[in-house]
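# Have a look; sequence and predicted model below, questions after that.
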Amino acid sequence: MLTMDGKNVETTNVPKEFMLENTIVSKINHGLNYLLDGQVYKWEGKTQKITSPIVLKEGLQTKQIELGERPLLTEFEAISALNSANKAYQLGIGEWATMPVEKRIEYMEYFLSLIKKKEKNFAIIEMWEIAKSYQDCQDEFKRTVKYIENTINTLRMIHDDTSDIKTIYGFIAQIRRCPLGTTLCMGPFNYPLNETFAMLIPALIMGNTAIVKPPDYGSLCTLTLLEDFAKAFPPGVINIINGNGEEIISPIIKSGKIDVLGFIGSTKVANLLIKQHPYPNRLRTILGLEAKNSAFILSDADLDLAVEECLKGALEFNGQRCTSIKHLWVHNNIKEKFLTKLCDELDKIKCGMPWEKDVLITPLPEAGKIDYLKGLVEDAIEKGGKVVNKGGGNNIGNIFYPAVVYPVTKEMQLYHVEQFGPIIPISSFSDINEIVEYLIESDYGQQASIFTKSTDFAAPLIDILVNQVSRINLNAQCRRGPDELPFTGRKNSGEGTLSVSDALRCFSIRSLVVANEQGKELFCNVLASDKSEFLRF
């Protein structure tokens, strides 16, 4: 349970190893740096303060630490970044776009060698910036490193496979993957490194150039890598800018000179961006959007397992993951037992500061989030729902204690919206058709979980779900990994597929050189000459 003792932490009680003084935050000008055409610049114009969601106590006073500032760049810097990326790509004939794959891999491997030593700095800054647990911050960095390594290895395999010359019905051909152009990458605050890099790394290594806008929350921790980008890649290949989206992103999109949009965020913002592009048919979009992932707990489910997985799935990092379980459907025959066990186990979870071991609920970084969550709970109560766990929906400072709300019906906002926070909506059902109706009406289709021991229960539900969501988890919480598996969504939950191999395909296009009898001699002569970077063994 959350108590008043958990409101604030004495500054003297912050473990020494987690102090900001142990990071290189001061060396990045407190967040004011940006990367343009291979150079790191310090911004001297308008800024926005970056404040930690962690509330500290000094004597009788409380305060939130000012971590740094976010540069509010202007349209001039934004267009400069666009021109820089376009100049480096040079309509597909620039050095980076035409560079041999193995050479681009060498640049990426050098970048990887530079950033590996930044894990602790990244983890501490991210912990203070978005209040994610220190362990999860470390895990995000490690996973990102592994993702880069796997991307490099996968590209080598794909490239080796495409070196073969194919013969089809008298035609000979070589098929390879080529870049698409200038890419705009915008990642989310909850995984500012991993989710952004899941788009950026495949885009770069396939020969595209890129502009990155870090998220408003979570930008400071990624800026520790600016110097590494500048050292590792040729000028213009990667540009990193920050500011208000309307001022710096809209001009880039409206120019029509962006070829690829990699965006993880809300459908509303994604649609707004796409509509601003004057040639939307020429814009490749890779989108990770909202999700309202459900868990279906059938009458024969292992309740201990279901409760454990649903709690973790709903509450890890405060439920602020697109892959979180955001709606539980429990069979009527077991709803009382399930609710009792869920609330009992919820009482045992740890709320506190992100450096504490095994902490699950930490301060929420978004301004206004507490009020938003309270509004959802109040709306549900007004329409017949109840908070069934002790202390559910209370908050102290920026910590919101999880609220289990039951029964949740379609009249309530919680039934429809992605709460993206520590609220667990629960509905009950007696017939599978009730689930079918819910799924068909839902605007979202990323994942679902099924908890049952029965083949007879699981099989028909699987067959229904595969055409409503993109991943079904059996007796397990929803999640993204392993990164080798496809990660995508239906309906309003996404567009394009991200996995190690799928992302390489998303950020490239297949091009081919083909010859029939009249062209075979020339085809073979070009191959033998070793003068083409594309048509070669």
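Thanks, I have it. Remember, predicted model here, so these are calculated numbers, not experimental data.
# name the helices or strands packed onto whichever helix or strand S501 is part of?
Secondary structure from DSSP states H and E places S501 in helix 500-506. Taking 3 or more CB pairs under 8 Å, 6 or more residues apart in numbering; DSSP states H and E as the contact definition, the neighbouring helices and strands of helix 500-506 are helix 134-161, helix 194-205, strand 284-288. Bear in mind the C-beta positions are built from the backbone N, C-alpha and C, glycine included.
# same thing but 7 Å
In terms of contacts (3 or more CB pairs under 7 Å, 6 or more residues apart in numbering; DSSP states H and E), helix 500-506 is packed against helix 134-161, helix 194-205.
# Show me the domain layout of this protein.
9-163+181-288, 293-488 (automatic domain parsing).
# ok, of those, where does mean pLDDT dip lowest?
Averaging pLDDT over each of the domains of the chain singles out domain 9-163+181-288 as the lowest, with a mean of 93.
# that older thread, can you put the domains of the chain in JSON lines and add distance to Q518?
Supplementary listing: the domains of the chain in JSON lines, determined by distance: least, CB to CB, whole Å:
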{"stretch": "domain 9-163+181-288", "distance to Q518": "24"}
{"stretch": "domain 293-488", "distance to Q518": "41"}
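# Which one, of those domains, ends up nearest to F534?
The stretch from those with the least distance to F534 (CB to CB) is domain 9-163+181-288; that distance is 8.4 Å.
# who are the neighbours in contact with the one residue sitting closest to the centre of the chain?
Among the residues of the chain, the one closest to the centroid is E195, at 3.4 Å (CA atoms, centre = their mean). In this structure, E195 makes contact with G187, P188, I264, judged by CB atoms under 7 Å, 6 or more residues apart in numbering.
# Next: K132.
Listed by CB under 7 Å, 6+ apart, the contact set of K132 reads E126, F317, P354, T362.
# among the residues you listed, who's most crowded?
With neighbours taken as other CB atoms under 10 Å, the top of the contacts of K132 is T362, carrying 28 neighbours.
# Run a quick check on that residue versus Q135, I expect a contact.
No - assessed by CB atoms under 7 Å, T362 is found out of contact with Q135, at 11.3 Å.
# Pick the most buried one from the helices and strands packed on helix 500-506.
Here the criterion is mean neighbour count by mean count of other CB atoms under 10 Å, and of the helices and strands packed on helix 500-506 the winner is helix 194-205, at a mean of 26.
# Please find the angle between the direction vectors of it and helix 134-161.
Orientation of helix 194-205 against helix 134-161 (axes from the mean of the first three to the mean of the last three CA atoms, to 10 degrees) gives an angle of 20 degrees.
# could you check the angle strand 284-288 makes with helix 194-205?
Orientation of helix 194-205 against strand 284-288 (the same axes, to 10 degrees) gives an angle of 160 degrees.
# Return the alpha-carbon coordinates of helix 194-205 using CSV.
Written as CSV, here are the backbone C-alpha positions of helix 194-205 (Å, rounded to 0.1, in the frame of the first residue of the first chain):
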residue,chain,number,x,y,z
ASN,A,194,15.2,1.4,-27.8
GLU,A,195,12.1,2.4,-29.7
THR,A,196,13.8,5.2,-31.6
PHE,A,197,16.8,3.0,-32.5
ALA,A,198,14.5,0.2,-33.6
MET,A,199,13.6,2.5,-36.5
LEU,A,200,16.8,4.6,-36.8
ILE,A,201,19.4,1.8,-36.9
PRO,A,202,17.8,-0.2,-39.8
ALA,A,203,17.1,3.0,-41.6
LEU,A,204,20.7,4.1,-41.5
ILE,A,205,22.3,0.7,-42.2
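# distance between that helix and the chain's centre?
Mean C-alpha position of helix 194-205 versus that of the full chain (CA atoms, centre = their mean, to the nearest Å) differs by 11 Å.
# For the helix or strand following it, enumerate the helices and strands it packs against.
The C-terminal neighbour of helix 194-205 among helices and strands, as given by DSSP H and E, is strand 209-213. With contacts defined as 3+ CB pairs under 7 Å, 6+ apart, the packing partners of strand 209-213 are helix 75-89, strand 182-186, helix 194-205, strand 238-240, helix 245-254.
# Not counting the fourth one itself, show me its contacts.
So the one you mean is strand 238-240. Contacts made with strand 238-240 from outside it, assessed by CB under 7 Å, 6+ apart, are listed as 34-37, 81, 84-85, 204, 210-212, 214, 226, 229.
# Let me know the closest of those residues to D502.
The shortest gap between D502 and any of the contacts of strand 238-240 belongs to L204, at 16.3 Å (CB to CB).
# and the residue nearest to G397 when sequence neighbours are not counted, how many neighbours?
Once flanking residues are discounted, G397 sits nearest to V55: 4.4 Å by CB to CB, 6 or more residues apart in numbering. Counted with other CB under 10 Å, the neighbours of V55 add up to 18.
# Relative to S501, which of the domains of the chain is closest?
Shortest distance between S501 and the domains of the chain, using CB to CB, is found for domain 9-163+181-288: 5.2 Å.
# could you show me where the strands are in the stretch 401-537 of the chain, in order?
Assigned by DSSP state E, counting those that start in this stretch, the stretch 401-537 of the chain shows strands spanning 403-406, 423-429, 444-445, 447-451, 471-474, 490-491, 494-495, 508-515.
# quick one: stretch 172-192 to chain centroid distance?
Relative to the chain's own centre, stretch 172-192 is displaced by 15 Å; criterion: CA atoms, centre = their mean.
# cool, stretch 131-138 as well?
15 Å.
# tell me the mean pLDDT over stretch 514-529?
96.
# that older thread, out of the contacts of strand 238-240, which one sits closest to G393?
Comparing the contacts of strand 238-240 against G393 with CB to CB places P214 closest, at 31.8 Å.
# Reformat the contacts of K132 as JSON lines; add secondary structure and distance to T409.
As requested, the contacts of K132 are arranged in JSON lines below (DSSP: H, G, I helix; E, B strand; the rest coil; distance: CB to CB, whole Å):
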{"residue": "E126", "secondary structure": "helix", "distance to T409": "38"}
{"residue": "F317", "secondary structure": "helix", "distance to T409": "28"}
{"residue": "P354", "secondary structure": "coil", "distance to T409": "35"}
{"residue": "T362", "secondary structure": "coil", "distance to T409": "31"}
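# For I424, state which of these is nearest.
When the contacts of K132 are compared for distance to I424, the smallest value, 14.5 Å, is given by F317; criterion: CB to CB.
# residue contacts, that closest one?
Residues counted as contacts of F317 (CB under 7 Å, 6+ apart) are K132, D136, N190.
# switch the cut-off to 8 Å
F317 makes contacts with K132, S133, D136, N190, T362, as judged by CB atoms under 8 Å, 6 or more residues apart in numbering.
# next one: L346
With contacts taken as CB under 8 Å, 6+ apart, L346 has the following neighbours: L311, N389, P402, V404.
# would you turn the residues you listed into TSV with distance to Q90?
Shown next, in TSV, are those (distance: CB to CB, whole Å):
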residue	distance to Q90
L311	52
N389	59
P402	52
V404	56
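# Determine which two of the residues you listed are furthest apart.
The largest distance within the contacts of L346, taken as CB to CB, falls between L311 and N389 and amounts to 11.1 Å.
# tell me, what's touching those two both at once?
L342, L346.
# returning to that earlier point: surely the residue nearest to G397 forms part of a strand?
Yes - when DSSP: H, G, I helix; E, B strand; the rest coil is applied, V55 is found to be in a strand.
# is it in a bridge, and if so with what?
When bridges are called by DSSP bridges, V55 pairs up with Q64.
# ok, it touching Q64?
Yes - when contacts are counted by CB atoms under 8 Å, V55 is listed as touching Q64 (5.8 Å).
# which residues are common contacts for those two?
Any residue near both V55 and Q64 by CB under 8 Å, 6+ apart counts here, and not one turns up.
# sorry, back to before: V526: which of the domains of the chain is closest?
Set against V526 and scored by CB to CB, the domains of the chain come closest in domain 9-163+181-288, at 14.5 Å.
# State the separation between the closest one and the centre of the chain it belongs to.
12 Å.
# same question, stretch 489-499
Between the mean C-alpha point of stretch 489-499 and the mean C-alpha point of its chain there is a distance of 12 Å (CA atoms, centre = their mean).
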